[in-house]
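Colleague: Okay, here's the prediction I keep looking at, along with the sequence it came from:
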Amino acid sequence: MYGLAMDYQVFLVSSMRESYVHGDRGSDAVVHGFNRSSRVVVAAAVIMVSVFAGFVFNGDPMVKQIGFALAVGILIDAFAVRMTLVPAVMAMFGDRAWWLPRWLDRVLPDLDVEGDKLLQALEANARSATQADS
């Protein structure tokens, strides 16, 4: 269950972060990122709840209990925590949700998974080549 919760969390928050990096600020980044990724998280949660709820029909009482507990746990975590509480707290913090101390920002590696820095470098090279030609 912890793994599923972290998957939902990473998927939602990374989409919010992507919106923030692409220019949306504060709660707009949260709303835009949430709108893009929430349907996938809902679908994944519904699938997992269905799978775990299927264990309730097993003859073994221990399997029934585990299936029921996991189904309820996923429902509460996905919908109450990940889809309600986390976006609300992120929206309350606004831009401060993405703040890092300078010393930590220097220590952490600067990953450009989506290639934004490459695109910026290519655009800068194209602009300088255009200016050199004129």
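Modeller: Thanks, I have it.
Colleague: worst-scoring helix or strand of this structure, pLDDT-wise?
Modeller: Lowest by mean pLDDT, DSSP states H and E among the helices and strands of the chain is helix 116-133, with a mean of 82.
Colleague: elements contacting it?
Modeller: The criterion is 3 or more Cβ pairs under 8 Å, 6 or more residues apart in numbering; DSSP states H and E, and there are no helices or strands that helix 116-133 contacts. C-betas here are computed from N, CA, C, even on glycine.
Colleague: Now do it: everything it contacts.
Modeller: 21-22, 112 (Cβ atoms under 8 Å, 6 or more residues apart in numbering).
Colleague: where does that helix sit relative to the chain's centre, distance-wise?
Modeller: Relative to the centre of its chain, helix 116-133 is centred 31 Å away, using Cα atoms, centre = their mean, to the nearest Å.
Colleague: what do you get for stretch 15-32?
Modeller: Relative to its chain's centre, stretch 15-32 lies at 11 Å (Cα atoms, centre = their mean).
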